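# Predicted model and sequence below, questions to follow.
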Amino acid sequence: MYEGTPGFVEERVAHGETTVVVEPAQLVDAGRHLRDEEGFNFLSDITAVDYLGWGKAGVSGYIGTAAGRDLNTPMTQGYQVVPLAKPKRFAVNYHLLSITESPRRVRLQVWLDEGEPVATVIPVWPTADWHEREAWDLMGVAIEGHPNLKRILLDDDWEGHPLRKDYPLGGEPVRFSGEE
Amino acid sequence: MTATASRRTGAPIYEGTRIPSPIPTVLHTPPGVQATGDVQTINFGPNHPSTHGVLRLIVDLYGEDVTGVEAVIGYLHTGFEKNMEQKTWWKCITYPERIDYVSFQNNEYVFVGAVEKLLDLEIPPKATWMRTLLCELNRIHSHLVWLGTSALELGAISMFWYAFREREQILDLFELVTGYRMHTRYFQIGGLAEDIPRGFYPECRKFTDWMPNAIDDYETLLTRNKIWLERTEGLGLLSAADAIALGQSGPVLRASGVDWDLRRTQPYLAYHQVDFRVPVFPEGDVYARYRVHMQEMRESVRIVEQCLDRLESMEGEPWIADDRKVVLPPRHELHTSMESLIHHFKIVTEGFRVPEGEVYYAIESPRGELGCYLCSDGGAKPWRVKFRAPSFVALQATATCMTDALIADMIAIVGSLDTVMGEVDR
């Protein structure tokens, strides 16, 4: 349905939601196309996701039924199920909405390696300003061409990007807890 | 052109766009004004009673004119989203309601609704109607807090007491149902945590019978009040095109003349089965935002009444889904069935699994589009949670609304955007 989007990679439909994956280099063109041709005039949200360690451990767990534990599904016996591999470390999701007569949503997605920049979409949707600053601040997604890219929720001198999976929990070092 | 005049002629709120460039959220003082040497930069907040929390504004003043403004946020950042990654889905429910502590039921629902979407879970009708009812009561509660505090900031102190009088009644209703006045954690994945207590319906009826009179009281105090009109009309203008470009939603968007309400356009819960109007005002000023809030409270009362009509005929129906994957077994089974006891233990300690995938679930919170993005790797904890906070987005419009404003209007304008800082900073 969205094959005409510049930089189109693939389109997925799951849980009643459409995801359009595009090449990061053509994100702005894709955004402009979706806004002007498809009517997605409203950017709801930008969400960056860190997939570091995704599927490394596998997942297992308890599956209950009315009669008790489900013994026929493998992962309830300790076997692990590994989720589908992801192409790169970071995904940036742009949740678009069409405020028109025929309201619909689409998720525009780009995949990035660490440090790989992605262009700002402020020229397409001005509301991207703070969303992109948040993605930089908390996830360390390098936004290229943003006119005011600085930390938004954390202090200006904060080190690291806390929503990354390799950011230590309890990030503040605690004294006398090591081998000193 | 004043807002009143544009209402008569049907003219646009203003020509072109007022979104500052290149940074859409920062209004810079024009170099010509700066050159006069009379511009002083003041710091407003972060601790100031009229910032609805801890918002800091850096304001350039030329006399009383605001020539530049930049909003600085983050003072209330607590890392909810990172915290939720460490908790089982079950334990996460308590977090979203603390993000926006004024519209807690709606926040609670958006997370529960998103998990149910990932699980593809069917919810019993009684739970759906009760959730609708509580979300609407919560909308009235949220609007009352907004009305009381915003009017207070403009000097109408009696408004605050009136609004909090009814707010108290709503909190009493929440306490009756859930045991808590705020942060109720009453929505469970699959339905409600407990059955609706006896005596709730008559008490709620008393409230819905009384509330329209109370709204009449508020409107008598404010709607045609000369001082209120002077302080709100024609201020903080935001055109429909700018509102959409800046991602505004909820009352702010509807006060700019855009007929958009997710309850109507993309219905969830029982909203496609209830009758309500979506108030839209074309003026795009603070007064229009006030009118939208007032009308919405009236509509919410109507929705609550319709929910009550339906719920009263559902006595004895289940309030939570019968799906042992995610729902705790009934209490009485724990005393007789070993399997149920194990099951209860496992769900509470280990947590249930949610299938791999990602969803974005959006509802109309009192403040606008409240979205919840969930990503699951198939395990018992979320991989990533993200909230699309309407207040966070609303604050981005500060610079645009503040064009040609006076310092005294700043309070009215920031107040009219109806932000809750807990939600802005998360």
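Structure received.

# quick check, B:Gln40 in a helix?
No. B:Gln40: not assigned to a helix; according to DSSP: H, G, I helix; E, B strand; the rest coil it is strand.

# Run a quick neighbour tally on the residue lying closest to it once chain neighbours are set aside.
Distances taken as CB to CB, 6 or more residues apart in numbering or on different chains put B:Leu61 closest to B:Gln40, at 5.3 Å, once the chain neighbours are dropped. For glycine as for every other residue, the C-beta is placed from the backbone atoms N, C-alpha and C. Residues lying near B:Leu61 (other CB atoms under 10 Å in any protein chain shown) number 19.

# Quick one: distance of the longest helix along chain B to the chain centre.
Ranked by residue count, the top helix of chain B under DSSP state H comes out as helix B:125-153. Distance of helix B:125-153 from its chain centroid, counting by CA atoms, centre = their mean, to the nearest Å, is 8 Å.

# cool, stretch B:178-192 as well?
17 Å.

# just stretch B:170-188 next, same as before
Using CA atoms, centre = their mean, the offset of stretch B:170-188 from its chain centre is 17 Å.

# Compute the first-to-last residue distance for it.
21 Å (CA to CA, to the nearest Å).

# which residues touch that stretch?
B:93-94, B:97-98, B:101, B:104-105, B:108-109, B:112, B:131, B:134, B:137-138, B:140-141, B:144, B:192-194, B:196-197, B:199-200, B:203-204, B:207, B:320, B:327 (CB atoms under 8 Å, 6 or more residues apart in numbering or on different chains).

# ok so, going back, didn't the residue nearest to B:Gln40 look like it was pressed against B:Ile407?
Yes. Using CB atoms under 8 Å as the test, B:Leu61 is close enough to B:Ile407 to be in contact (6.0 Å).

# residues of the helix or strand containing the residue nearest to B:Gln40 that come out buried?
Using DSSP states H and E, B:Leu61 sits within strand B:56-62. For strand B:56-62, burial by neighbour count (16 or more other CB atoms under 10 Å in any protein chain shown) applies to B:56-57, B:59-62.

# and chain A, what are its domains?
A:1-51+A:87-180, A:52-85 (automatic domain parsing).

# Including pLDDT and distance to A:Val82, could the buried residues of strand B:56-62 go into JSON lines?
Shown next, in JSON lines, are the buried residues of strand B:56-62 (pLDDT from 0 to 100; distance: CB to CB, whole Å):
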{"residue": "B:Arg56", "pLDDT": "89", "distance to A:Val82": "46"}
{"residue": "B:Leu57", "pLDDT": "90", "distance to A:Val82": "49"}
{"residue": "B:Val59", "pLDDT": "92", "distance to A:Val82": "54"}
{"residue": "B:Asp60", "pLDDT": "91", "distance to A:Val82": "56"}
{"residue": "B:Leu61", "pLDDT": "91", "distance to A:Val82": "60"}
{"residue": "B:Tyr62", "pLDDT": "91", "distance to A:Val82": "62"}
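
# picking up where we left off before, can you tell me which residues contact the residue nearest to B:Gln40?
B:39-42, B:67, B:407.

# Mark which of those are buried, thanks.
Of those, these count as buried by 16+ other CB under 10 Å: B:39, B:67.

# Now the contacts of B:Leu61 in TSV, please, with extra columns for pLDDT.
Shown next, in TSV, are the contacts of B:Leu61 (pLDDT from 0 to 100):
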residue	pLDDT
B:Val39	89
B:Gln40	92
B:Thr41	91
B:Ile42	90
B:Thr67	90
B:Ile407	89
